[in-house]
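Trainee: no FASTA, just this:
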């Protein structure tokens, strides 16, 4: 009766797994380097922290365990703080206060939450509504909120039409207020941008602490690299080629990125979805049709900001590859790799992306440095 | 689920009882409808956006968190800040999104005539040094807990608040937590019988340190670890729980026992990394606080134990558990005769096992962050001249437990806790 939930698989999983393999051995690269004489070699430390419905990890280089722990504790505290701010599962969060009250009268919020909302609406405008944090009611109607996937009726969806739409959210920067119009409570869902927002905050905090080499990961779906591991050009991140999951080429890598002072986010239906009558329903919605996106496998976006790469990985998931291309033409710092599930024609699109990731055979041994 | 009328009624009953003005029974009788609506009105959302200018002494990590909450209140602007550690000014500007005038000396901040109120979020040992001049210079004050480092200082703050006719609100934000208020209102109505014991746990698994940019800043950044300004875990964590114990029991404690040690973090700190405190309340009632920093299983939670049930309070929710029925009158048949008794073993082995089933959560419609509610309530009080829920007497109440609890720990004996009067 209940549709089957497939536990987290592949895309988001593969990234941290690959990264973790590197962690297993403590790296003391600088030992034989001349620079080692001036300063003791930094060691690599790894720690995980469950938050925001996923598991965050921080890998960083530090002089000793004590300073690594202090930096990581600050980082994880910061993630918890952002979760308190933006959670749509905790009634005490600032985002849920706004969801509840902005229908009654404009709600004054703190600058940080306001900035989060501004950026969310920015991406809604840029994507002409393909990105939209007001989709909360859809995730409930389709059963994603409580992990009980179901297909709502057309009537049910029609009734939700008025409860969804970024244009109903009015921001006033002068008074830092949020108002909903028409006046009805909304269900703001930070799912497609909040983790990136948290990762950016942690990156800023670690930099303030003097950390010069770290990789912050939100469940593998959003990564940010501070600097690079000693002696290397960047943090290696493998982007899998999802077209070959069921074949002998399963595990093929489309592109290996050496990430440095930049972020990478991946959206995919391989992570959260439910199956019903042999059909796969994805947790990423097209807010305009109010239905899960069909025909898309995986999108990966590189951008200097993790907030933006997180949002953009959803934007390009929802938009057609052609529309994504038009959008990113004006953003040379944003790079996208899109895998769609088309029965004929192209199924891979690289926008500003280095190398030839759409041809996995040739890219197997290929490493692309970014930036 | 509690209805709105009960909820509002419970609020004021609890608030009046906690003020220590009346014994619990008569407080219930004397709770007027005006007092009821006052308490609810302090917490209610507001659309009043008249300008309100705040200064802050000590915009460190907690101070910045308070500022974030204050900026959620319409009309509030942070216009001045004082700190001895210059990096705080930039951090504060970042939180506010605008430039706040920086003062290297808190006295020049207090000399300003354009502030409607002052926030004091400095280390505990400095509270009185900052709060007393703030009140004396005519400012309303939002002062972080614990009220003061010594009993004498705490009493001076109480007196100065009255003498200057100022509003003082203490940072016991759990008084503003919707789920704790709703749950305690039900406790006041007898839902778990007579509460005789409260157990407060606040356990963590970290060294309670913040990175100091260089060793010379260690005592400034990690002031919580040194006696000069800190009363340790009893104050920084225990004071919140002691406040809830005072609120529940409608009284301040009469004696204190305490112990502590450094068991895990042998890093040069002076304050204990684990403490145990027992506060006695009238009628033999007890509050037991325990805190450790090398195991976080219990987290931050309180258990209120009554003869009819238990209440669990956390940072996010409140849950009731009910004791099995105890002695009842036998059911007689229509003729007034007892039915026959079947012999058997009366002892149930499972009866001594801890209850591991679910509880009954307290449902509330508007759960919000307690600090957000507390800061909004303070602004309401400043604008309207209303006495805060967490007033200076609430602050004195928990300070009594903290300061005497620490004294007992130092002297390794039970010490008297003087009355709040």
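Mentor: Looks like it arrived, so ask away. The structure displayed is predicted, hence computed values, not measured ones.

Trainee: hey, let's count contacts and neighbours off CA atoms from now on
Mentor: OK.

Trainee: got the residues of the stretch 301-421 of chain B near chain A?
Mentor: For the stretch 301-421 of chain B, the contact set with chain A under CA under 8 Å from any CA of the partner chain comprises B:316, B:366-369.

Trainee: Would you mind naming what in chain A lies close to chain B?
Mentor: Proximity of chain A to chain B, by CA under 8 Å from any CA, involves residues A:67, A:70-71, A:74, A:90-94, A:97, A:105-112, A:175, A:209.

Trainee: ok so, going back, of all pairs in the residues of the stretch 301-421 of chain B next to chain A, which one is the farthest apart?
Mentor: B:316 and B:366 (12.1 Å; CA to CA).

Trainee: For chain B, which residues score under the pLDDT cut-off?
Mentor: Applying pLDDT under 70 to chain B flags the ranges B:1-37, B:326-351.

Trainee: Closest residue of it to chain A?
Mentor: Using CA to the nearest CA, residue B:368 is the residue of chain B that sits closest to chain A, at 3.7 Å.

Trainee: Which strands or helices does the longest helix belonging to chain A pack on?
Mentor: Longest helix of chain A, by residue count under DSSP state H: helix A:65-86. Using 3 or more CA pairs under 8 Å, 6 or more residues apart in numbering or on different chains; DSSP states H and E, the elements in contact with helix A:65-86 are strand A:43-51, strand A:54-62, helix A:94-101, helix A:194-208.

Trainee: Give the rounded mean pLDDT of it.
Mentor: For helix A:65-86, the mean pLDDT works out to 94.

Trainee: What residues of it count as buried?
Mentor: Applying a neighbour-count criterion of 16 or more other CA atoms under 10 Å in any protein chain shown, the buried positions in helix A:65-86 are A:68-76, A:78-80, A:82-86.

Trainee: Which strand residues bridge residue B:303?
Mentor: Taking DSSP bridges as the rule, residue B:303 bridges to residue B:199, residue B:312.

Trainee: Name all residues that make contact with it.
Mentor: Going by CA atoms under 8 Å, 6 or more residues apart in numbering or on different chains, residue B:303 touches B:198-200, B:310-313.

Trainee: what does residue B:53 give?
Mentor: Taking CA under 8 Å, 6+ apart, we find residue B:53 in contact with B:76-79, B:114-117.

Trainee: Just to be sure, residue A:274 is in a helix?
Mentor: No - counting by DSSP: H, G, I helix; E, B strand; the rest coil, residue A:274 is not part of a helix but strand.

Trainee: Check the nearest residue to residue A:303 once chain neighbours are set aside and give its pLDDT.
Mentor: Among residues not flanking residue A:303 along the chain, residue A:334 sits closest, at 4.7 Å (CA to CA, 6 or more residues apart in numbering or on different chains). What the model reports as pLDDT for residue A:334 is 97.

Trainee: ditto for the one 10 residues further on
Mentor: Residue-level confidence at residue A:344 comes out at 73, pLDDT.

Trainee: What ranges does the stretch 101-250 of chain B have for its strands?
Mentor: B:101-103, B:117-120, B:140-143, B:168-170, B:195-202 (DSSP state E, counting those that start in this stretch).

Trainee: Excluding residues flanking it in the chain, which one is nearest residue B:166?
Mentor: Per CA to CA, 6+ apart, closest to residue B:166 is residue B:140, 5.2 Å.

Trainee: Test my guess that that neighbour contacts residue B:116.
Mentor: Yes - with contact defined as CA atoms under 8 Å, residue B:140 and residue B:116 form a contacting pair (7.0 Å).

Trainee: Give the intersection of the neighbour lists for the two.
Mentor: Taking CA under 8 Å, 6+ apart as the contact rule, residue B:140 and residue B:116 both touch residue B:382.

Trainee: which one of the two has more residues nearby?
Mentor: Neighbours were counted for residue B:140 and for residue B:116 using other CA atoms under 10 Å in any protein chain shown; residue B:140 has more, 26 against 18.

Trainee: list the contacts for that one?
Mentor: For residue B:140, the contacting residues are B:116-118, B:134, B:166-168, B:382, by CA under 8 Å, 6+ apart.

Trainee: swap in residue B:308?
Mentor: B:191-194, B:322-324.

Trainee: count of residues packed around the residue lying closest to residue A:145 once chain neighbours are set aside?
Mentor: Closest residue to residue A:145 apart from its sequence neighbours, by CA to CA, 6+ apart: residue A:139 at 5.5 Å. Residue A:139: 21 surrounding residues under other CA under 10 Å.

Trainee: Would it be right to say that residue A:139 lies in a helix?
Mentor: Yes - Residue A:139 sits within a helix when classified using three-state DSSP.

Trainee: surely it meets residue A:149?
Mentor: No - Residue A:139 is beyond contact range of residue A:149, at 9.3 Å (criterion: CA under 8 Å).

Trainee: sorry, back to before: the contacts of residue B:53 into TSV, with extra columns for distance to residue A:240?
Mentor: Shown next, in TSV, are the contacts of residue B:53 (distance: CA to CA, whole Å):
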residue	distance to residue A:240
B:76	50
B:77	49
B:78	49
B:79	51
B:114	60
B:115	58
B:116	58
B:117	57
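
Trainee: Highest neighbour count among the residues you listed?
Mentor: If you count neighbours using other CA under 10 Å, the busiest of the contacts of residue B:53 is residue B:117, which has 26 neighbours.

Trainee: mind checking how far that residue is from residue B:81?
Mentor: Counting by CA to CA, to the nearest Å, the gap from residue B:117 to residue B:81 is 12 Å.

Trainee: just residue B:130 next, same as before
Mentor: Look at residue B:130 and residue B:81: by CA to CA, they are 13 Å apart.

Trainee: can you list residues touching both of these two?
Mentor: Residues touching both residue B:130 and residue B:81 (CA under 8 Å, 6+ apart) are B:57, B:106.

Trainee: quick one, which of these two is more surrounded?
Mentor: residue B:81 (26 against 22).

Trainee: Could you list everything that one pairs with in the sheet?
Mentor: Beta bridges link residue B:81 to residue B:56, residue B:102, judged by DSSP bridges.

Trainee: What helix or strand is residue B:90 located in?
Mentor: Assessed by DSSP states H and E, residue B:90 sits inside helix B:87-96.

Trainee: With neighbour count added, can I get the contacts of residue B:303 in TSV?
Mentor: Below are those laid out as TSV (neighbours: other CA atoms under 10 Å in any protein chain shown):
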residue	neighbour count
B:198	27
B:199	19
B:200	28
B:310	23
B:311	26
B:312	21
B:313	22
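
Trainee: What is the neighbour count of the residue in the stretch 201-350 of chain A positioned nearest to chain B?
Mentor: Residue nearest to chain B within the stretch 201-350 of chain A (CA to the nearest CA): residue A:209, separated by 7.9 Å. As a burial measure, residue A:209 scores 16 neighbours (other CA under 10 Å).

Trainee: got a list of what the closest residue to it other than its chain neighbours touches?
Mentor: Of all residues not flanking residue A:209 in the chain, residue A:71 sits nearest, at 6.9 Å (CA to CA, 6+ apart). Neighbour list for residue A:71: A:206, A:209, B:211 [criterion: CA under 8 Å, 6+ apart].

Trainee: Is it correct that residue B:404 is in contact with residue B:416?
Mentor: Yes - between residue B:404 and residue B:416 there is a contact under CA under 8 Å: 7.4 Å.

Trainee: Mind listing the shared neighbours of these two?
Mentor: Taking CA under 8 Å, 6+ apart as the contact rule, residue B:404 and residue B:416 both touch B:255-256.

Trainee: Okay then, goodbye and thanks.
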